[in-house]
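[1] based on what follows, work out the 3D shape:
(chains A and B)
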Amino acid sequence: MASVTQNFMKLFRGSSGGPQTTSPAQTSQKLTRRSSGLGELARTWDTEKSLCVLDLGSTSGANIRHFTERGHRIYSEDLLTASTEPGLVTKDEQGNVVLDSRQFLADNLVYPAAHFDVVLCWNLPDYLDESLVRPVVGRLWSVLKPGGMLLAFFHTRDAGPDSPCYRFHIVGNDTLEMQRIVLKREARRGPTGAVHTAITDGFRLQRVFNNRHIETLFRDFASIKFFLARDNVREVLVVR
Amino acid sequence: MSAPLTGELAQIGKSVVIKGELSGSEDLYVDGQVEGSIALKTNSLTVGPNGQVKASVEAKGVVVQGKLEGNVQASDRVELRKSAVVTGDITTQRISIEEGAYLKGKVDIHGKAEAKK
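    Model (predicted):
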């Protein structure tokens, strides 16, 4: 990913001050949003029998209920939170601080090949550390079944650097409830026994992908479909 | 605590560390550390806010407020409170997840007939 993205995907990195706290009123507010990508995916889970779904967003009871009520199996794995694990921080050959993608993939997304019919990425690629984006997409390709589908959201440049990170709850076949993720610090004990403070929520937009970058990111997939939304977000549905 | 209690309740306090197999026929409240396995087939397990359980769990009901690492098999229900951090697969008949709870694993919902197998 580094060779592809290092130069043109840093648009928003560190472009404004540190993480901001959000008032409880802002955080509890849920926004409703129509999603064409979700609507298209929904045709799959309403017609097929038992699907295997991977939800990579913040744990959502609504999503778990949505799929289990329809007889599907759902796996939940909050990759953004997992990426804040202090033990992942390392340095590359140039001495730059990066996240250890090998370790990350040893700890996360550990599933058999071709296991999932659907992967819900939500806005993960926009908020995930750059050193993890391509390795994660590569792993997602391998755990998706041939013909399996992945849904991801990408901000457009007009969204601005302070676009909040949301958790997504499925409330209808093409309707999502979005809830802003708030900053939460948590003390964790690392492998050495030392206590670290990890930021487990409150993520900042890392970069903006244009359509070409998105196509490059998913070049190993069989097809890609874009849905333009009014809220400065492009929805992308890719098929392995 | 609002665990689905069914009468007697055994408690493991927050300074207690247990390694091994735990089984019983009364509800169990764990606020300490347990590593191994927990089997309470007709009773409920509550992992308190200070609880750290690293075990496979088989119970009628499971309520998690603290940390639980291991697969959970509940014949009735599982409740993940907002402070819950669960890593493992959950098999149950009903599940409720509060906003803020963290789950890394699979959720399988089965019917009553399957639960009795």
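[2] quick check, the residue in chain A closest to chain B?
    Closest residue of chain A to chain B, Cβ to the nearest Cβ: A:Gly61 (3.4 Å). For glycine as for every other residue, the C-beta is placed from the backbone atoms N, C-alpha and C.
[3] could you find the closest non-adjacent residue to A:Tyr166?
    Ranked by Cβ to Cβ, 6 or more residues apart in numbering or on different chains and with sequence neighbours excluded, the top spatial neighbour of A:Tyr166 is A:Met178, at 4.0 Å.
[4] so A:Leu41 sits in a helix?
    Yes. A:Leu41: assigned to a helix according to DSSP: H, G, I helix; E, B strand; the rest coil.
[5] residue ranges for the strands of chain A, please.
    With strands called from DSSP state E, chain A shows them at A:30-34, A:52-55, A:73-76, A:89-91, A:97-99, A:116-122, A:144-155, A:166-172, A:175-180, A:184-189, A:195-201, A:223-228, A:233-239.
[6] the closest residue to A:Pro135 other than its chain neighbours: what's it in contact with?
    Once flanking residues are discounted, A:Pro135 sits nearest to A:Ser101: 4.1 Å by Cβ to Cβ, 6+ apart. Going by Cβ atoms under 8 Å, 6 or more residues apart in numbering or on different chains, A:Ser101 touches A:Ser131, A:Leu132, A:Pro135, A:Val136.
[7] PyMOL command to pick out the buried ones of those residues?
    In PyMOL syntax, the buried subset of the contacts of A:Ser101 is picked out as below (16 or more other Cβ atoms under 10 Å in any protein chain shown):
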select buried, chain A and resi 131+132+135+136
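[8] ok, now which ones touch B:Val47?
    B:Val30, B:Asp31, B:Val53, B:Val62, B:Val63, B:Val64, B:Gln65, B:Gly66, B:Lys67, B:Leu68, B:Ala84.
[9] could you check how far it is from B:Ile38?
    Taking Cβ to Cβ, to the nearest Å as the measure, B:Val47 and B:Ile38 are separated by 10 Å.
[10] lowest-confidence helix or strand of the chain?
    With no chain named, the answer covers chain A. The helix or strand of chain A with the lowest confidence, counting by mean pLDDT, DSSP states H and E, is helix A:2-5 at a mean of 43.
[11] hey, what's B:Ser23 bridged with?
    B:Ser23 has the following beta-bridge partners by DSSP bridges: B:Ala39.
[12] count of residues packed around it?
    Per other Cβ atoms under 10 Å in any protein chain shown, the neighbour tally for B:Ser23 reads 12.
[13] and the pLDDT at it?
    As predicted, B:Ser23 sits at a pLDDT of 94.
[14] same question for A:Ser58.
    A:Ser58 carries a pLDDT score of 91 in this model.
[15] I figured it hits A:Met178, correct?
    No. A:Ser58 lies out of contact with A:Met178 (Cβ atoms under 8 Å); the separation is 11.0 Å.
[16] joint contacts of these two?
    Common neighbours of A:Ser58 and A:Met178 are listed as A:Arg167 (criterion: Cβ under 8 Å, 6+ apart).
[17] looking at these two, which one has more neighbours?
    The neighbour count for A:Ser58 versus A:Met178, taken as other Cβ under 10 Å, is higher for A:Ser58 (26 against 21).
[18] can you tell me how far that one sits from A:Glu215?
    For A:Ser58 relative to A:Glu215 (Cβ to Cβ), the value is 27 Å.
[19] contacts only, for the residue positioned nearest the centre of chain A.
    Geometric centre of chain A, nearest residue: A:Leu124, 1.8 Å, by Cα atoms, centre = their mean. Contacts for A:Leu124 (Cβ under 8 Å, 6+ apart) come out as A:Leu56, A:Gly57, A:Leu79, A:Leu80, A:Val136, A:Ala152.
[20] what's the distance between B:Glu35 and B:Ile18?
    In this view, B:Glu35 and B:Ile18 are 7 Å apart by Cβ to Cβ.
[21] one more: A:Ala82?
    28 Å.
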